[in-house]
Structure formats: C-alpha cells, structure tokens
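S.K.: A predicted structure for the sequence below; I have some questions about it.
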Amino acid sequence: MGDCPKNRIAIEIYGQTYNMVGPESTAHMRAVAATVDERMREIKLANPVLSSTQLAVLTAANAVNDLMKLQQKYEALEAELNKQKDEVND
C-alpha cells in the first residue's frame, strides 16, 4: 500500500482550505470535497444555529448513515445473487 502513487491537491470545504492526499484521482478528490461542501451547506440551511464543529459532525454522521444503508443494500443484493446462483446450480 505504501508503494501507491499519491495525488496531492488543495481543496475547499465550507470556506476552509485543506490539503488532500490519496491514491484517488484529483478529479475524484475534488468531487468528494464538493459533495461534502454541498452537504454541509444543505445542513446549515436547515439548522442555521449550528457551529462549524456541529455541522461537520452532523455531515459525517449523515455520510456514515448513507454508507451503512448502501452496505446493507449491497449485502442484500449479494445474498440474492448467491441464492439465484445456488438455484441455477441445483
């Protein structure tokens, strides 16, 4: 894993600049930053009294919630696929 080339870019999220480093393409990293920024702004519109820290935590919690739902869907689809494969092989 240490041998993977890493891309480095400066991105902006909610008015703050961050240095992002990773093996993903810079386009991907920019898209991630834009999505986080968009979600933070959406949450702030609905909850204008939130501090930046509260806003960041709620944004992270929403992202993890979305990830967990997708993982559950993936697992259900994988189980259904395995069930269908077993039925074909019987």
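M.R.: Nice, thanks for sending it over. Numbers count the residues shown, from 1 in each chain.
S.K.: ok, and what's touching stretch 48-55?
M.R.: Contact with stretch 48-55 is made by Tyr14, Met40, Ile43, Lys44, Asn47, Leu58, as judged by CB atoms under 8 Å, 6 or more residues apart in numbering. Where you see a C-beta, it was placed from the backbone N, CA and C, and this is true even at glycine.
S.K.: by neighbour count, which of those wins?
M.R.: Neighbour counts for these (other CB atoms under 10 Å) peak at Met40, which has 21 neighbours.
S.K.: over to that residue. Which of the three states is it?
M.R.: The three-state assignment at Met40 reads helix, by DSSP: H, G, I helix; E, B strand; the rest coil.
S.K.: and the most centrally placed residue in the chain, what element?
M.R.: With distances taken as CA atoms, centre = their mean, Ala63 lies nearest the centre of the chain, 5.7 Å away. According to DSSP states H and E, Ala63 maps onto helix 52-89.
S.K.: list the buried residues for that helix?
M.R.: Across helix 52-89, burial judged by 16 or more other CB atoms under 10 Å covers Leu55, Ala56, Leu58, Thr59.
S.K.: would you turn those into CSV with pLDDT and distance to Ala34?
M.R.: Formatted as CSV, the buried residues of helix 52-89 follow (pLDDT from 0 to 100; distance: CB to CB, whole Å):
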residue, pLDDT, distance to Ala34
Leu55, 97, 16
Ala56, 96, 16
Leu58, 97, 18
Thr59, 97, 13
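S.K.: tell me which of those residues is nearest to Leu70?
M.R.: Lowest distance from Leu70 to those (CB to CB) belongs to Thr59, with 16.7 Å.
S.K.: look up how far Ile13 lies from that closest one.
M.R.: From Thr59 across to Ile13, the span is 9 Å (CB to CB, to the nearest Å).
S.K.: common neighbours of those two, please.
M.R.: Common neighbours of Thr59 and Ile13 (CB under 8 Å, 6+ apart) are Val36, Met40.
S.K.: just give the nearest non-adjacent residue to the residue nearest to the centre of the chain, would you?
M.R.: Arg39 (7.2 Å; CB to CB, 6 or more residues apart in numbering).
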